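Visitor: let's see this in three dimensions:
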Amino acid sequence: MLARVCLGLALCCLVACGNNPRAPVEDRNARSAASSSSYSVQRGETLYSIAFRYGLDYRRVAAANNIPAPYTIYPGQKIYLREATALPVQPPPAPAAARPPASRPPATTSRPTPAPATKSVARPAPVRPAPVRPAPVKKVSPPAGTKPAVYTGSAVGAWRWPTAGRVTRGYSSTVHKGIDIGGKRGDAIHAVAAGKVVYAGTGIVGFGELLIVKHNEVYLSAYGHNDRLLVAEGDTVRAGQKIAEKGSTGTDSVKLHFEIRKEGKPIDPQRLLPPR
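Guide: All right, here's what the predicted structure looks like:
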């Protein structure tokens, strides 16, 4: 008899739990999913560094969060980690204001005095010089086996290697989003193309002292594990300019971790860099 009573109480508890529409586990999962789509901006971060960390296009993240150029963000601000499906269309420049017509003098009732009649004289026809054709320019080909001074195979216009040294680790789309270049501590790091520094700091784990340079609306380049940064956020850099010194910050050996991002997505840098 006692066993039947205990079994009945257990069945009642199971039915009551099954009818509860808000189980604690479901609530925690829902809150976790909602919070994972947003990010709280930390001090020293930029929209570029946040988009870089999550492999997103900074322009589409800005559009999804209604952040206009120059994409200024503030500590504590909530950023949704998603990309807008379309970029905002920039309005065309406003046309120049039309000039008002020149004012005319008021009409007068008095008639002008007619000029005295003169005898027309025939003018000789103008003499036109014969057209001069420029001499043809002879194209001179460079000697066989020589390399061009700059590599012009991308939208940037010219890519350069960021530093001397051997590539010690190649690109992988799944586990290694750039290349590692070995060398000695203090070796010069150069900008691979002209651009603007949009991040300089240690806020992204695993990159040490990191620089991110924006070259245009499509391409970014990143330089990690530097020993010393020689430029700051907002600086404009020239192609080939020394921007840092090679080091081992955030890693266990001296090397440069170098990446190129196209519309926020990593690509193999050696597809764009000139052959050595």
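
Visitor: quick one, helices of the stretch 51-200 of the chain?
Guide: 58-64 (DSSP state H, counting those that start in this stretch).

Visitor: show me where it dips below the pLDDT cut-off.
Guide: Within the stretch 51-200 of the chain, the segments meeting pLDDT under 70 span 88-155.

Visitor: for it, just list every one of the strands.
Guide: Taking DSSP state E, counting those that start in this stretch, the strands of the stretch 51-200 of the chain run over residues 78-80, 167-169, 179-182, 188-190, 195-201.

Visitor: between those strands, which gets nearest to K242?
Guide: Closest of those to K242 is strand 188-190, at 4.9 Å (criterion: CB to CB). C-beta coordinates here come from the backbone N, C-alpha and C atoms, glycine included.

Visitor: in the closest one, what counts as buried?
Guide: Across strand 188-190, burial judged by 16 or more other CB atoms under 10 Å covers I189, H190.

Visitor: what pairs with that strand, and is each one parallel or antiparallel?
Guide: Strand 188-190 sits in its sheet next to strand 242-246 (antiparallel), going by DSSP bridges.

Visitor: now the angle between strand 195-201 and the strand it pairs with, please.
Guide: Put simply, strand 242-246 runs at 30 degrees to strand 195-201, going by axes from the mean of the first three to the mean of the last three CA atoms, to 10 degrees.

Visitor: quick one: contacts of strand 242-246?
Guide: Strand 242-246 has contacts (CB atoms under 8 Å, 6 or more residues apart in numbering) with 163, 165, 183-191, 197, 209, 211, 213, 223, 225-231, 237, 254-256.

Visitor: what's the following helix or strand after that strand?
Guide: Downstream of strand 242-246, the first helix or strand assigned by DSSP states H and E is strand 255-262.

Visitor: mind listing what's buried in that next one?
Guide: Applying 16+ other CB under 10 Å to strand 255-262 flags K255, L256, H257, F258, E259, I260, R261 as buried.

Visitor: just the CA atoms of it, as PDB, please.
Guide: Once non-C-alpha atoms are left out, strand 255-262 reads as follows in PDB (Å, rounded to 0.1, in the frame of the first residue of the first chain):
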ATOM      1  CA  LYS A 255      58.500  36.500 -35.500                       C
ATOM      2  CA  LEU A 256      56.000  38.700 -37.300                       C
ATOM      3  CA  HIS A 257      52.500  37.300 -37.700                       C
ATOM      4  CA  PHE A 258      51.100  39.100 -40.800                       C
ATOM      5  CA  GLU A 259      47.600  39.000 -42.200                       C
ATOM      6  CA  ILE A 260      45.600  40.700 -45.000                       C
ATOM      7  CA  ARG A 261      41.900  40.900 -44.600                       C
ATOM      8  CA  LYS A 262      39.600  41.500 -47.700                       C
END
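
Visitor: which helices and strands sit right next to the next helix or strand after it?
Guide: Downstream of strand 255-262, the first helix or strand assigned by DSSP H and E is strand 265-267. Counting contacts by 3 or more CB pairs under 8 Å, 6 or more residues apart in numbering; DSSP states H and E, strand 265-267 is packed against strand 255-262.

Visitor: from the buried residues of strand 255-262, pick the one nearest G76.
Guide: R261 (26.4 Å).

Visitor: so what pairs up with the closest one in the strands?
Guide: Beta-bridge partners for R261, by DSSP bridges, are L220, P266.
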